[in-house]
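Undergrad: Pasting the sequence and the predicted coordinates here, then a few questions.
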Amino acid sequence: MGCSSCATGSDGQPRGCKNNGTCGSDGCNKLTVFDWLSNMAPAGGTKLFDCVEVRFKNSRKEFFRNTENLSLSIGDIVASQAESGHDIGMVTLVGELVKVQMKRKKVDHKDKELPKVYRKASQGDIDKWQKCRDREEEIKKRAREMAIILKLQMKISDVEFQGDGSKATFYYTADERVDFRQLIKDMAKAFGIRIEMRQIGYRQEAQRLGGIGSCGRELCCSTWLTDFRSVSTSAARFQQLSLNPQKLAGQCGKLKCCLNYELDLYLDALKDFPSQDTKLQTEKGIAFCQKTDIFKETLWFSYKDEPANWHTLSKDQVIEILEKNKKKEKVASLEEYAVENIVEEKVVFENVVGQDSLTRFDRPKKSGNRNKNRKRKPANKNQHANKPQSNKGQRNNSAKQGDNANKSSTPNANNKKRRNNKKRRPKDA
């Protein structure tokens, strides 16, 4: 659900509120609750619930009591009570739905020690808060360098400033306990602020940073997932997934939370399903289970002496054979049962009206230029003689014939002919 400021501008570029999913209307923020009572007045003149929900950086939300009876609405920036000083946050929910959310998160709305909302933030408070937010990336980089110099086995993943700029909370992840007392001293001296270190898990780190999963969607933990349940490799085994850590691990480095989504359905289907270790006693020998398909309710078995030859059996057939084996009865062979499961393949696509085949791109292309390697036949010389000559060619030939005629009429030419004729005459005996 996007806010109105996320539309496209006149120049074709997205406008947006430049807050990266934390807009003023709180419509495109993760874990947002839709206020469907916003247009409804309190019934019977009752007062609005005096608590509000305020969101800070990322998904951190807290509840505050509106003791000053301020007219607050979703998107208002307020100055709220903190341990020391004040913090700046954004109102995300008001009215009766706040009571429902507090009950869901097990927060007592009658608690007198609930923090308060001081006032609506002024422009000076907002400017100071924005300057602190701009310093977070630089300080996080310097804090990481300090941790590397001290050779601490920890990773600082995020930094959050308090609204008044007097305190900064550093979120880090570590496999073991870390002694960061010297690190706090160095950072307090370098940055001139109070330092608080808070350890979080790898899943919480992915929730705060966000990202895109292997499915192409945003991470579940950063959009709608609120609780993190433990995920084990048995969830992948029940779903018959390959135990490849590169495919089963998410961006947090742990097993993906989505492995638990369909686990209950698989467990229900496996209740009356033969186990993977099932052995069938036949007169031909013992058969072992090689593969199962829960959705098709089929199993593949092979004999001990023929592990490469698999026989397809249905779930009911396997149960029937197991019941006979319990009675110490052996079936003749698996082939008798497997023959019943052979299904002829039906042609789904037929080229009836001259359509292209669906596998036309899978076929190898035939070389259409077969005649390239063949030698061309020489052209007949008579073809050139039969071709009609152009007018220019006729004129040139006639001119040459006229010149030859003139040459033959000269006396020198006649004398040469007479000499040749004398030589060819036979001599008298």
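TA: That came through, no problem. Residues are numbered from 1 along each chain as shown.
Undergrad: In the protein, mark out all the helices, start to finish.
TA: Here the chain has its helices, by DSSP state H, at 96-104, 123-149, 181-191, 202-209, 220-223, 233-238, 245-248, 263-269, 315-326, 335-338, 381-386, 391-408, 411-424.
Undergrad: To residue 300, which of these lies closest?
TA: Taking C-beta to C-beta, helix 335-338 is the member of these nearest to residue 300, at 9.6 Å. Bear in mind the C-beta positions are built from the backbone N, C-alpha and C, glycine included.
Undergrad: which residues touch the closest one?
TA: By C-beta atoms under 8 Å, 6 or more residues apart in numbering, the residues outside helix 335-338 that reach it are 311, 312, 313, 317, 321, 331.
Undergrad: Which pair of those residues spans the longest distance?
TA: 312 and 331, at 15.4 Å, using C-beta to C-beta across the contacts of helix 335-338.
Undergrad: For burial, what's the neighbour tally of residue 325?
TA: 16 (other C-beta atoms under 10 Å).
Undergrad: per-residue pLDDT, it?
TA: Reported pLDDT at residue 325 in the predicted model: 88.
Undergrad: Would you mark the buried spots in stretch 296-307?
TA: Judged by neighbour count using 16 or more other C-beta atoms under 10 Å, the buried positions of stretch 296-307 are 298, 299, 300, 301, 302, 303.
Undergrad: Tell me the one of the residues you listed nearest residue 273?
TA: Looking across these and measuring by C-beta to C-beta, the closest to residue 273 is residue 299, at 8.6 Å.
Undergrad: remind me which residues of this protein are low pLDDT?
TA: Within the chain, the segments meeting pLDDT under 70 span 1-31, 38, 43-45, 339-429.
Undergrad: what's the first-to-last distance across stretch 292-305?
TA: 20 Å (C-alpha to C-alpha, to the nearest Å).
Undergrad: how far is that stretch from where the chain is centred?
TA: Distance, stretch centre to chain centre, for stretch 292-305: 33 Å (C-alpha atoms, centre = their mean, to the nearest Å).
Undergrad: Contacts for that stretch next, please.
TA: So stretch 292-305 is in contact with 240, 266, 269-270, 273-274, 276, 278, 280, 282, 284-291, 308-315, 318, 334, 341, going by C-beta under 8 Å, 6+ apart.
Undergrad: picking that back up, got a markdown table for the buried residues of stretch 296-307, with distance to residue 48 too?
TA: Converted to a markdown table, these look like this (distance: C-beta to C-beta, whole Å):
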| residue | distance to residue 48 |
| --- | --- |
| 298 | 61 |
| 299 | 62 |
| 300 | 65 |
| 301 | 68 |
| 302 | 71 |
| 303 | 75 |
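Undergrad: The stretch 251-400 of the chain: strands as residue ranges?
TA: In the stretch 251-400 of the chain, the strands defined using DSSP state E, counting those that start in this stretch lie at 279-282, 285-293, 298-303, 311-314.
Undergrad: Spatially central residue in this structure, please.
TA: residue 216 (2.3 Å; C-alpha atoms, centre = their mean).
Undergrad: Which of the contacts of stretch 292-305 are buried? Put it as a ChimeraX command.
TA: A single ChimeraX command selects the buried members of the contacts of stretch 292-305 (16+ other C-beta under 10 Å):
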select :266,273,274,278,280,282,287,289,310,311,312,313,314,315,318,334
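Undergrad: Against residue 63, how distant is residue 93?
TA: Using C-beta to C-beta, to the nearest Å, one gets 9 Å for the distance from residue 93 to residue 63.
Undergrad: Name the residues contacting each of the two.
TA: With C-beta under 8 Å, 6+ apart, residue 93 and residue 63 have common neighbours 52, 53, 101.
Undergrad: Among these, which one sits closest to residue 71?
TA: After measuring the shared contacts of residue 93 and residue 63 against residue 71 - C-beta to C-beta - the closest member comes out as residue 52, at 11.3 Å.
Undergrad: Hmm, the closest one is touching residue 93, no?
TA: Yes. The criterion here is C-beta atoms under 8 Å, and residue 52 meets it with residue 93 at 6.9 Å.
Undergrad: More neighbours: which of the two?
TA: Neighbour count, other C-beta under 10 Å: between residue 52 and residue 93, residue 52 has more, with 26 against 23.
Undergrad: give me the beta-bridge partners of the more buried one?
TA: According to DSSP bridges, the partner residues bridging residue 52 are residue 64.
Undergrad: which residues touch it?
TA: Residue 52 neighbours (C-beta under 8 Å, 6+ apart): 63, 64, 66, 72, 78, 91, 93, 94, 98, 117.
Undergrad: at 7 Å what do you get?
TA: Going by C-beta atoms under 7 Å, 6 or more residues apart in numbering, residue 52 touches 64, 66, 72, 91, 93, 94, 98, 117.
Undergrad: what's the neighbour count on the second one?
TA: Look at residue 66: counted by other C-beta under 10 Å, it has 19 neighbours.
Undergrad: separation between the nearest residue to residue 115 once chain neighbours are set aside and residue 34?
TA: Once flanking residues are discounted, residue 115 sits nearest to residue 81: 4.1 Å by C-beta to C-beta, 6 or more residues apart in numbering. Remark: distance between residue 81 and residue 34 (C-beta to C-beta) = 27 Å.
Undergrad: so which two of the contacts of residue 52 are the farthest from each other?
TA: Most distant of the contacts of residue 52, by C-beta to C-beta, are 93 and 117, 13.1 Å apart.
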